[in-house]
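*Asks:* what shape does this take:
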Amino acid sequence: MQDALSHGAMRGNSWKVAALLMLFAVAASIEDPFLPPPADAITGQVSIDGEGADGVTVTLDGVAAVTTTGGGSFRFDNVEAGTHTIAVSGHPAGVRFERTFQAAAIISGGGAAAVNFFGSAETALGEGAAIRVAVPALGPQEARGPKRW
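*Replies:* The predicted structure is shown next:
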């Protein structure tokens with residue numbers, strides 16, 4: 001009798017086990033953005049004034065190129081071990097980057113590297129533009145020069 005009860009209980013829980021297995025299978029197939037990149041990958045972000053910049057071209061060794069998406073993100077997979085040059089181009093006019101190219105190293109046996117580019121929009125003054133600078137007025141003592149003891 002005890003055997004029959006536990007066998008019935010197992011049969012009643014089999015749908016729960018199947019549901020859990022399906023849940024784990026679905027969860028495993030979703031790429032987690034917080035996991036490190038796969039081995040042999042170079043990833044990074046291009047930012048302009050602190051905001052991710054989509055539509056910027058990023059080049060690996062002057063050969064392979066990708067365009068930034070998803071808030072300025074880029075990724076090169078299956079990169080051979082060694083030192084590589086990553087460069088940015090095709091950014092909006094008037095944007096200046098600290099660096100437009102950087103080195104990234106992939107170690108043999110599987111490694112990953114992250115490379116980020118930071119830019120800022122320049123404010124250009126046209127020809128003949130006036131610049132106003134506020135200068136505090138000098139009092140009588142400051143106008144005569146520093147006080148000597």
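*Asks:* and residue 117, that one's in a helix?
*Replies:* No. According to DSSP: H, G, I helix; E, B strand; the rest coil, residue 117 belongs to no helix; its state is strand.
*Asks:* what is the burial count for it?
*Replies:* 25 (other Cβ atoms under 10 Å). Yep, even glycine has a C-beta here, placed from its N, CA and C like the rest.
*Asks:* in the sheet, who's paired with it?
*Replies:* For residue 117, the beta-bridge partners under DSSP bridges are residue 46.
*Asks:* which residues touch it?
*Replies:* 44, 45, 46, 47, 58, 88, 97, 98, 99, 100, 102 (Cβ atoms under 8 Å, 6 or more residues apart in numbering).
*Asks:* shouldn't the second one be in contact with residue 69?
*Replies:* No. Using Cβ atoms under 8 Å, residue 45 is not in contact with residue 69; the gap is 10.8 Å.
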